[in-house]
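Chemist: Quick one: sequence and predicted model below, then my questions.
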Amino acid sequence: MLNNRKGFTLIELMVALTLLVILAGALYGTYFSVMGAREKGGVRIEQRRELANTLGKLHSEISSAYFRSTNKKLLFVVEDRDSFGKPASVLAFTGISPPRIDPAPSSDLTLVRYSVQEKEGVLTLVRESREPYLDVSVKSYPYPVMDVVEGFLVECYDGGKWVKSWDTALNNRLPDQVRVTLTMKGGEVFTTIASPRITP
């Protein structure tokens with residue numbers, strides 16, 4: 001009687017084990033590649049959302065800018081600055097603010113200031129605001145609206161050309177249009193153009 005047992009030889013087991021290790025390694029690498037790409041995509045989407053919110057807020061606030069030459073507390077000022085060769089404008093203006101729901105006394109105007117802060121070579125766009133009629137000793141604190149920017153450029157259209165500086169103390173009026181350009185890390189450029197629409 002013949003011994004007809006079927007089984008695997010040691011070589012067959014080693015080949016199968018080698019194939020299993022190669023397959024597991026490929027799946028492992030693919031999984032972490034997909035997860036890394038997904039994480040980067042999520043960060044990029046979040047940056048785009050932050051950018052859209054910032055440009056939208058700038059557009060609406062500039063559109064609500066208010067100036068009257070008889071009131072010295074009202075202003076619209078753009079300063080042309082740079083930080084290590086990158087545009088870092090300062091934008092300060094008085095705008096109409098939405099009504100408040102709390103009973104604290106307040107006016108319907110807000111002094112808003114956008115500027116760029118530099119720390120260890122990284123530029124951050126910050127915003128601060130306060131009531132124009134409060135005591136100047138009441139400090140307003142800037143908070144970041146865009147964490148990492150490569151440039152923040154504000155230009156004003158005076159009816160004939162775009163200029164990088166504006167001061168209502170000298171011009172005695174608001175610009176016709178305001179162009180805000182944000183340069184993101186990697187060189188991507190995004191722009192919004194707003195027209196102050198509030199007239200006294």
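Modeler: Right, received. Where do you want to start?

Chemist: Counting by contacts, list what the top strand by length along the chain packs against.
Modeler: Longest strand in the chain by number of residues, with DSSP state E as the criterion: strand 143-157. Contacting strand 143-157 under the criterion 3 or more C-beta pairs under 8 Å, 6 or more residues apart in numbering; DSSP states H and E are the following elements: helix 10-63, strand 76-79, strand 86-87, strand 109-119, strand 122-130, strand 162-163, strand 177-184. Where you see a C-beta, it was placed from the backbone N, CA and C, and this is true even at glycine.

Chemist: would you put the C-alpha positions of it in CSV?
Modeler: Provided in CSV are the C-alpha atoms of strand 143-157 (Å, rounded to 0.1, in the frame of the first residue of the first chain):
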residue,chain,number,x,y,z
TYR,A,143,-5.7,88.1,16.6
PRO,A,144,-4.6,86.0,13.7
VAL,A,145,-6.9,85.6,10.7
MET,A,146,-4.4,83.8,8.4
ASP,A,147,-1.6,81.9,10.0
VAL,A,148,1.0,81.7,7.2
VAL,A,149,1.0,84.2,4.3
GLU,A,150,3.7,85.2,1.9
GLY,A,151,2.3,88.7,1.3
PHE,A,152,-0.5,91.1,2.1
LEU,A,153,-0.8,94.0,-0.4
VAL,A,154,-3.5,96.7,-0.3
GLU,A,155,-3.9,99.1,-3.2
CYS,A,156,-6.4,102.0,-3.7
TYR,A,157,-7.9,103.3,-6.9
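
Chemist: wait, which of the helices and strands packed on strand 143-157 is closest to residue 191?
Modeler: Judged by C-beta to C-beta, the one of the helices and strands packed on strand 143-157 that comes nearest to residue 191 is strand 177-184, at 4.7 Å.

Chemist: remind me which residues of the protein are low pLDDT?
Modeler: Within the chain, the stretches with pLDDT under 70 are 1-8, 99-106, 134-138, 198-200.

Chemist: Got phi/psi on residue 172?
Modeler: Phi and psi for residue 172, reported as degrees, to the nearest 10, are phi 60, psi 20.

Chemist: Give the bridge partners for residue 190, please.
Modeler: Per DSSP bridges, the residues bridged to residue 190 are residue 182.

Chemist: Quick check, central residue of the chain?
Modeler: By C-alpha atoms, centre = their mean, the chain has its centre lying nearest to residue 146, at 3.4 Å.

Chemist: what about the closest residue to that residue other than its chain neighbours, distance to residue 89?
Modeler: Nearest residue to residue 146 in three dimensions, chain neighbours excluded: residue 125, at 4.1 Å (C-beta to C-beta, 6 or more residues apart in numbering). Here the criterion is C-beta to C-beta, to the nearest Å. By it, residue 125 lies 10 Å from residue 89.
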